[in-house]
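Novice: A predicted structure for the sequence below; I have some questions about it.
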Amino acid sequence: MHLDARPVAILLLAATLLVLAQLVPLPPAVWQGLSGRAMFAEAAAVSGQGQPWRPLAIVPGAALNAAASLIVPITILVLVMGLAKRERSWLPGLLLVLIAISMLVGLLQFAGAGFNNPFVNDTPGQVSGTFANRNHFALFLAMGCLITPVWPFLGGRRSGWRGPIALGLVLLLALTILASGSRAGMIVGMLGMAFGLFLARHGVKRELRSAPRWVFSALIAAIVGVIVIFVLISVVAGRAESINRIIAVEAVDDMRSRGMPTVLEMVRFYLPWGSGFGGFDPMFRIHEPFELLKFTYFNHAHNDFLEIVLDGGFPALLLLLAGLAWWLLASVKVWRSGSGFDNILPKVGSVMLLLILLASTVDYPARTPTIMAMIVISGLWLGDTRPKPHGSSLPRGGQYL
């Protein structure tokens, strides 16, 4: 498996430079001419202080923290590209191990065990696994629903003992997503499972090539039926928190809808250069209307596309569009490249990024270190679009974990 890191590296470098550019001090005349800075200049004038050189980011400490957070994707990029071909083939299995560990922590939380991390801004009693946010946790599990069905067949191998393990893991992942209470996670989970089963169909057909043709359809129906039955049992038993929350309207959802007009107004107010990366919380407090005041705070816009434009203005919007364009073009290329297992990981990478994009319309998963790492890995898989010999597979000793 040969990985082309150039698209991911270029986008990551551009994002890093964009954040660092917001930390460069600007002359007072230039800074005061930027949108949204007049109120701060007036406050300094009233206090009798001189106008210092300031960076574009209104909250420089937050922008510095945003720049420091990019060490995670940069490190993952360097580490993955430093792996040998055989070592890179272990990545799908290693990711499933990490996802399974997070799932087990979530199941323990669901069973009543206390795993609340005092160093993470989580909600006590919430089923969120190794994450602080159940939506991010459910997205992580949804990626597992995508990878698990294809994992037994990677490298052109027969499924063997991996088949039953994959079936059981998919079922556990689906039930844990339901238990998490994440409605967005339920949607991306269903999509991940659907794409995973679709991508695994050729491997299943190969396993059943000596059986009658109807066996394949019966097996797929049986797998789907088992999952549906367990989901229904979970619903009847009152353990499907995600479905329960579809019916109930929570305060956090009301806050998202009530706060959206303010967020849109902030985006307009700080264009074309943005207010600075990482500073949404203090900036929202400045613009927060009286009727939205409460004891908790609104930490993010819960629509990462809007927040990126708010933070970085038109330059960030252009970079976002460039990333989306690369993902779309590369996805079209890999999905048109054939249906064999030689190009399965590029398709998995394409869908993983799709799940993250969908989740980002209602939350901010890409701001967490684990999802940052998954973005880099999926981007590297998607970038592996160079043609391969027909029927090629990993050599003996280079099998997928």
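Specialist: Now that the structure is in, tell me what you want to look at. All values derive from a computational prediction rather than experimental measurement. Numbers count the residues shown, from 1 in each chain.
Novice: how about low-confidence regions in the stretch 1-150 of the chain?
Specialist: Residue ranges of the stretch 1-150 of the chain with pLDDT under 70: 1-3, 43-50, 113-125.
Novice: That one: helices as residue ranges?
Specialist: 6-21, 28-32, 38-46, 60-69, 71-81, 85-88, 91-110, 134-150 (DSSP state H, counting those that start in this stretch).
Novice: which helices and strands does the fourth one pack with?
Specialist: Okay, so that is helix 60-69. The helices and strands touching helix 60-69, judged by 3 or more CB pairs under 8 Å, 6 or more residues apart in numbering; DSSP states H and E, are helix 6-21. C-betas here are computed from N, CA, C, even on glycine.
Novice: can you give me the angle the helix it packs on makes with helix 71-81?
Specialist: Computed by axes from the mean of the first three to the mean of the last three CA atoms, to 10 degrees, the angle separating helix 6-21 from helix 71-81 equals 160 degrees.
Novice: Would you mind pulling the contact partners of helix 6-21?
Specialist: Under the contact criterion CB atoms under 8 Å, 6 or more residues apart in numbering, helix 6-21 has outside partners 56, 63, 66-67, 70, 73-74, 77, 277, 312, 315-316, 319, 322-323, 326, 330, 376, 379-380, 383.
Novice: Let's see that with 6 Å instead.
Specialist: Around helix 6-21, the neighbours that count as contacts under CB atoms under 6 Å, 6 or more residues apart in numbering are 66, 67, 70, 73, 277, 315, 319, 323, 326, 379, 380, 383.
Novice: Longest helix of this structure, counting residues only.
Specialist: For the chain, the helix with the greatest residue count under DSSP state H is helix 304-335.
Novice: Would you mark the buried spots in that one?
Specialist: In terms of neighbour count (16 or more other CB atoms under 10 Å), helix 304-335 has its buried residues at 304, 306-313, 315-317, 319-320, 323, 326-327, 330-331, 334.
Novice: What is the subsequent helix or strand relative to it?
Specialist: Per DSSP states H and E, the first helix or strand lying C-terminal to helix 304-335 is helix 344-359.
Novice: Spatially central residue in this protein, please.
Specialist: Central residue of the chain (CA atoms, centre = their mean): residue 356, 3.7 Å from the mean position.
Novice: Contact partners for it?
Specialist: No contacts exist for residue 356 under CB under 6 Å, 6+ apart.
Novice: what does residue 152 give?
Specialist: By CB under 6 Å, 6+ apart, residue 152 lies in contact with 159, 162, 163, 166.
Novice: go again using 7 Å as the cut-off
Specialist: The neighbours of residue 152, taking CB atoms under 7 Å, 6 or more residues apart in numbering as the test, are 159, 162, 163, 166, 203.
Novice: same check, this time on residue 172
Specialist: Contacts of residue 172 (CB under 7 Å, 6+ apart): residue 103.
Novice: I'd like the contacts of helix 6-21 laid out as TSV, including distance to residue 207.
Specialist: TSV is the format used below for the contacts of helix 6-21 (distance: CB to CB, whole Å):
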residue	distance to residue 207
66	47
67	49
70	43
73	37
277	49
315	50
319	44
323	38
326	35
379	31
380	29
383	30
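Novice: Do you have the helices of the stretch 151-300 of the chain handy? List them.
Specialist: For the stretch 151-300 of the chain, the helices defined by DSSP H, counting those that start in this stretch occupy 162-180, 183-199, 201-207, 213-236, 241-247, 251-270, 280-287.
Novice: CSV please, covering those and showing distance to residue 110 and mean pLDDT.
Specialist: Formatted as CSV, those follow (distance: least, CB to CB, whole Å; pLDDT from 0 to 100):
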stretch, distance to residue 110, mean pLDDT
helix 162-180, 5, 87
helix 183-199, 14, 91
helix 201-207, 31, 75
helix 213-236, 11, 67
helix 241-247, 8, 54
helix 251-270, 20, 82
helix 280-287, 30, 91
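Novice: Kindly reformat the contacts of residue 152 as JSON lines containing distance to residue 352 and neighbour count.
Specialist: Formatted as JSON lines, the contacts of residue 152 follow (distance: CB to CB, whole Å; neighbours: other CB atoms under 10 Å):
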{"residue": "159", "distance to residue 352": "22", "neighbour count": "18"}
{"residue": "162", "distance to residue 352": "20", "neighbour count": "19"}
{"residue": "163", "distance to residue 352": "22", "neighbour count": "18"}
{"residue": "166", "distance to residue 352": "17", "neighbour count": "21"}
{"residue": "203", "distance to residue 352": "19", "neighbour count": "22"}
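Novice: of these, closest to residue 126?
Specialist: residue 166 (28.0 Å; CB to CB).
Novice: what sits against that closest one?
Specialist: Each residue near residue 166 by CB under 7 Å, 6+ apart is listed here: 148, 149, 151, 152.
Novice: try 6 Å this time
Specialist: Residue 166 makes contact with 148, 151, 152, according to CB under 6 Å, 6+ apart.
Novice: Could you do residue 58 as well?
Specialist: Applying CB under 6 Å, 6+ apart to residue 58 gives the contacts 275, 276, 279.
Novice: Mind checking which of those residues are in strands?
Specialist: Among the contacts of residue 58, DSSP state E puts none in strands.
Novice: Tell me the most packed of those, by neighbour count.
Specialist: Within those, residue 275 tops the neighbour count with 32 neighbours, counted by other CB atoms under 10 Å.
Novice: Right, I'll call it a day here.
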